[in-house]
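Visitor: mind looking at a prediction? Sequence and model below.
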Number of protein chains: 2
Amino acid sequence: MASQSIRPATGDGSNGAAESASSAVFTPLYKQIKRLVIDDLDRGAWKPGELIPSEQELAVRFQVSQGTVRKAIDELSAENLLTRRQGKGTFVATHDEPRAQFRFLRIVPDEGEPAPAQNRFLDCRRVRATADVARVLDLKTGDTVIFVRRLLMFGAAPLVLDDIWLPGALFKGLTAERLGQHHGSMYALFESQFGTRMIRADERLRARAANAVAAKALQVEIGAPLLLVERVSFTYGERPVELRLGLCRTEQHHYRNTLT
Amino acid sequence: MASQSIRPATGDGSNGAAESASSAVFTPLYKQIKRLVIDDLDRGAWKPGELIPSEQELAVRFQVSQGTVRKAIDELSAENLLTRRQGKGTFVATHDEPRAQFRFLRIVPDEGEPAPAQNRFLDCRRVRATADVARVLDLKTGDTVIFVRRLLMFGAAPLVLDDIWLPGALFKGLTAERLGQHHGSMYALFESQFGTRMIRADERLRARAANAVAAKALQVEIGAPLLLVERVSFTYGERPVELRLGLCRTEQHHYRNTLT
DNA sequence: TAGTGGTCTAGACCACATA
DNA sequence: ATGTGGTCTAGACCACTAG
């Protein structure tokens, strides 16, 4: 199965693949393997947290050497789609593992260790997508989307007010109750209960004065400076699946980032 | 040269290195090679932009296979310390190449392409390090540091006000004049004229109300919300070499980030 | 044509986890 | 003992650059 233009095992070291006619662009074998594995992940052949076949098994399946499979998995591992565990095998990455806990939560306290935050869900309902929301989520204006308003608390102190929009088709049955019952990050719930895994996000950060709604929720004065985080999250295939606008107090916390 | 605990070319596939006594921790050969190359970069054996020896030559020098050198260089390339160019060779990365131009400049316009920004240097002088500055830069309180105040302009509009502190010992002779004469990024000047290359930076972002100084420089009202970016930059060996506090207007621009 | 990095293979052995 | 990923080698050929 799943062996499109992969080379037919010639035995020499040449690349007998990715060549159909004349002006075909050169695509390395391991990139093709990578693509096939991503497609399998996308269609849910293996669920988050599950063990995928061994390198040797994939090598046989795809009719390439183990080293070529290895290079493909190396990249998928670097992109946080897969997780390697020596002696055990290779697993589909998940938002549950503590290692990935703060990958999508960049707000941390100025002093001390990042403490676990509590969610308070202020709203959760089905609405019609505005033109803006529809454009970002690649939907049509008026399509059903789920709107969630969440207050993130660090202890007793309100820290972030998030407005979140999700495609209704992917998140049927999402309610404030289910959100409240779940323990762990929202993305962990999304992947385990709705089969949608967030693998990348683009963010835009700005400073913005608190409006009335934000001021009340975050317990600051109207006009107080807040950090606005606009996030679009993507699943496999660069498909956008979440729009999130977060307003954050930054007197005792900050958004951390590393430039490399 | 430079062949410490590297294996003495046994010919089999085993790892004859990194083993001195009994409870020695295992360190892969390619990690050792990587370390040696970084040390060479640190001591300036090859300057930014220069060609380093070929993989084959390094393999002979270090008495390992080309594949092992390759893996070391792969990682250094992924960390932006080296740049590979097929057919040409491997080069020391530099802040001049347009590819790396926006690696340390995350402020971009909401609409349209990132336009080149102009610098206006408001101040540049030698001062004594305060306790805070000394701690961050790993100096002693009272040590000489260079203080630079810069206004970053997008066209005629002031965008970012940066206060920058640099270790005096590393940047002797840095003046507003030399800063003004140089075309290109500050980091490009630092690496070409002072031999200090920034390879990583940690940032903390907050929202903050404009004070009198910032309001005047950025042409906003006092109290207007600004994005505060606190940056500590590092050179080889995790040595801090720059503290930067930037205040940024974000009505028409934003700080972009990608979570992966 | 020669030299560089890029890909691919085959096989060996090491480190780690589990039974 | 077995199976997994992790490292290392040796050698071949491909893609790209430049003299």
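Guide: Perfect, thanks for sending it.

Visitor: could you pull out the helices in the stretch 101-250 of chain A for me?
Guide: With DSSP state H, counting those that start in this stretch as the criterion, the stretch 101-250 of chain A has helices at A:131-137, A:176-181, A:186-193, A:212-218.

Visitor: show me what the first one is packed up against.
Guide: Using 3 or more C-beta pairs under 8 Å, 6 or more residues apart in numbering or on different chains; DSSP states H and E as the contact criterion, the elements in contact with helix A:131-137 are strand A:157-167, strand A:239-248. Quick note: C-beta positions are derived from backbone N, CA and C, even for glycine.

Visitor: off-centre distance for the shortest one?
Guide: Its chain's C-alpha centre lies 11 Å from the corresponding centre of strand A:239-248 when counted by C-alpha atoms, centre = their mean, to the nearest Å.

Visitor: in that strand, what counts as buried?
Guide: A:240-244, A:246-248 (16 or more other C-beta atoms under 10 Å in any protein chain shown).

Visitor: rebuild the helices and strands packed on helix A:131-137 as JSON lines, extending it with distance to DNA strand D.
Guide: Putting the helices and strands packed on helix A:131-137 into JSON lines (distance: least, C-beta to the nearest atom of the strand, whole Å) gives the following:
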{"stretch": "strand A:157-167", "distance to DNA strand D": "33"}
{"stretch": "strand A:239-248", "distance to DNA strand D": "27"}
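
Visitor: Throw these into a markdown table and include mean pLDDT, thanks.
Guide: As requested, those are exported to a markdown table (pLDDT from 0 to 100):
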| stretch | mean pLDDT |
| --- | --- |
| strand A:157-167 | 98 |
| strand A:239-248 | 98 |
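
Visitor: where are the low-confidence patches of the stretch 151-260 of chain A?
Guide: Nowhere does the stretch 151-260 of chain A drop to pLDDT under 70.

Visitor: contact residues of chain A facing chain B?
Guide: Contact residues (C-beta under 8 Å from any C-beta of the partner chain) of chain A with chain B: A:78-80, A:103-104, A:106, A:110, A:199-209, A:223-228, A:230-231, A:248, A:250, A:254-260.

Visitor: taking these, please make a PyMOL selection of just the buried ones.
Guide: In PyMOL, this line selects whichever of the residues of chain A next to chain B come out buried by 16+ other C-beta under 10 Å:
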select buried, chain A and resi 103+104+106+199+200+201+203+204+205+206+207+208+209+224+225+226+227+228+231+248+250+254+255+257+259
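
Visitor: hmm, back to that, switch the helices and strands packed on helix A:131-137 over to CSV; also include distance to B:G184.
Guide: Below are the helices and strands packed on helix A:131-137 laid out as CSV (distance: least, C-beta to C-beta, whole Å):
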stretch, distance to B:G184
strand A:157-167, 38
strand A:239-248, 34
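
Visitor: out of the ones you listed, which is closest to DNA strand C?
Guide: Closest to DNA strand C of the helices and strands packed on helix A:131-137, according to C-beta to the nearest atom of the strand: strand A:239-248, at 25.8 Å.

Visitor: which residues does the residue in the stretch 1-150 of chain A that chain B sits nearest to contact?
Guide: Chain B sits closest to A:F104 of the stretch 1-150 of chain A, with a gap of 5.6 Å, by C-beta to the nearest C-beta. When contacts are counted by C-beta atoms under 8 Å, 6 or more residues apart in numbering or on different chains, A:F104 touches A:95, A:185, A:187, A:198, A:201, A:233, B:259.

Visitor: so what would you say the end-to-end distance of stretch A:49-67 is?
Guide: Taking C-alpha to C-alpha, to the nearest Å, stretch A:49-67 runs 24 Å from one end to the other.

Visitor: list the buried residues of that stretch.
Guide: Across stretch A:49-67, burial judged by 16+ other C-beta under 10 Å covers A:52-53, A:55, A:58-59, A:61-62, A:64.

Visitor: likewise stretch A:65-76?
Guide: By neighbour count on 16+ other C-beta under 10 Å, the buried set for stretch A:65-76 is A:68-69, A:71-73, A:76.

Visitor: what about that stretch, average pLDDT?
Guide: The average pLDDT within stretch A:65-76 is 98.

Visitor: in space, what's closest to the residue nearest to the spatial centre of chain A - neighbours in sequence excluded?
Guide: For chain A, the residue nearest the mean C-alpha position is A:M198 (1.9 Å; C-alpha atoms, centre = their mean). Nearest residue to A:M198, sequence neighbours excluded (C-beta to C-beta, 6 or more residues apart in numbering or on different chains): A:S233, at 4.6 Å.
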